[in-house]
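[1] sharing a model that was predicted from the sequence below.
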Amino acid sequence: MNIYVLLKRTFDTEEKIVIDNNRIDEEGAEFIINPYDEYAVEEAIQLRDEHGGEVTVVTIGGEEAEKQLRTALAMGADKSVLINTEDDVEEGDQYTTVKILEAFFDDKEADLILAGNVAIDEASGQVGPRLAERLNLPYVTTITDIKIAGETVHIERDVEGDVEKVDASLPLLVTCQQGLNEPRYPSLPGIMKAKKKPLEELELDDLDLDEEDVEMKTKTLEIFLPAEKEAGKVLEGELDDQVKELVSLLRDEAKVL
């Protein structure tokens, strides 16, 4: 079984993020594998172990993304591909990403493509479904369980706190939601093995694309951090007095009444 995982290098939202000149200051940011993509990597490895085949992890970006690819290899993926756009794409959007991935998969025989449900940096959730549409593949989003029996795939997906059960067929693209699995930490032997596993590097020319083919279709007007939370208030005194004060605060300060 040929299993592919779409991986994105994202900044760690649990670390301090600095906005400089309407851009995220990458010098001070910590970068990781997009957490939802970690579920995809883990599930791909488990499916490979159960059904055979190999797992290839694919990302788009610059040389710095090699670190996240090596992490996925250390987790247990077999191969990785870096589509290096550092010299060709100054800015991109979901259209750019999908156009590049469509060209990459043009000559591939993928049985299953896994991606994260969303990326924590932009959270559009568009890349997986848009790529499936371009590749003419069926797709299921926000999956929390997947079982493969021959050519039939039994899936459970998250639907706003409820569960929907779906049967699909291979080839297939799915996007992975929290609760699907618990991603493993790379072991020391895995880290050592990852250094010897294939990491292929491609450029736009290798995919018969040029800069005009992947020009972004959207424009970001502004990037800003959310407002800092103000300190809460502790109401004191008799219960009736607290209720009166709370109503007053909700009406006069919060303006919600």
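    Happy to help now that I have it. Residues are numbered from 1 along each chain as shown.
[2] wait, a helix at E50?
    Yes. Counting by DSSP: H, G, I helix; E, B strand; the rest coil, one finds E50 located in a helix.
[3] how about it, what does it touch?
    Contacts for E50 were tallied using Cβ atoms under 8 Å, 6 or more residues apart in numbering; they are I148. Backbone N, C-alpha and C define where each C-beta goes, glycine included.
[4] could you check how far it is from T152?
    15 Å (Cβ to Cβ, to the nearest Å).
[5] same check on E212?
    Taking Cβ to Cβ, one finds E212 at 42 Å from T152.
[6] can you check Y36 too?
    25 Å.
[7] tell me which of the two has more neighbours.
    Taking neighbours as other Cβ atoms under 10 Å, Y36 and T152 compare with Y36 leading, 23 against 11.
[8] doesn't A119 make contact with that one?
    Yes. In this structure Y36 lies within contact range of A119 using Cβ atoms under 8 Å: 7.1 Å.
[9] low-scoring stretches of this protein, by residue?
    22, 25-26 (pLDDT under 70).
[10] and this structure, what are its domains?
    2-214, 227-257 (automatic domain parsing).
[11] any idea which of those domains gets closest to L221?
    domain 2-214 (8.7 Å; Cβ to Cβ).
[12] so L173 belongs to a helix, correct?
    No. Counting by three-state DSSP, L173 falls outside a helix, being strand.
[13] now for it, how many residues are close by?
    24.
[14] L202 too?
    Neighbours around L202, by other Cβ under 10 Å: 17.
[15] so what's it closest to, chain neighbours aside?
    Nearest residue to L202, sequence neighbours excluded (Cβ to Cβ, 6 or more residues apart in numbering): I83, at 5.0 Å.
[16] wait, that neighbour touches D205, no?
    No. Contact criterion Cβ under 8 Å: I83 and D205 do not qualify, at 11.1 Å.
[17] can you give me the strands in the stretch 51-200 of the chain?
    54-61, 79-84, 112-116, 139-149, 152-159, 162-169, 172-176, 199-202 (DSSP state E, counting those that start in this stretch).
[18] alpha carbons only: can I get the second one in PDB?
    Once non-C-alpha atoms are left out, strand 79-84 reads as follows in PDB (Å, rounded to 0.1, in the frame of the first residue of the first chain):
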ATOM      1  CA  LYS A  79      10.600   8.200   2.900                       C
ATOM      2  CA  SER A  80      10.200  11.900   2.700                       C
ATOM      3  CA  VAL A  81      10.000  14.500   0.000                       C
ATOM      4  CA  LEU A  82      10.800  18.200   0.300                       C
ATOM      5  CA  ILE A  83       9.400  20.400  -2.500                       C
ATOM      6  CA  ASN A  84      11.700  23.300  -2.100                       C
END
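[19] for H154, give the beta-bridge partners.
    K147, D167 (DSSP bridges).
[20] isn't it right up against K165?
    Yes. Counting by Cβ under 8 Å, K165 is a contact partner of H154 at 7.4 Å.
[21] which one of I83 and D205 is surrounded by more residues?
    More neighbours surround I83 than the other of I83 and D205, with 24 against 9 (other Cβ under 10 Å).
[22] dump the residue contacts of the more buried one.
    Contacts of I83 (Cβ under 8 Å, 6+ apart): 58-61, 100, 104, 202-204, 207.
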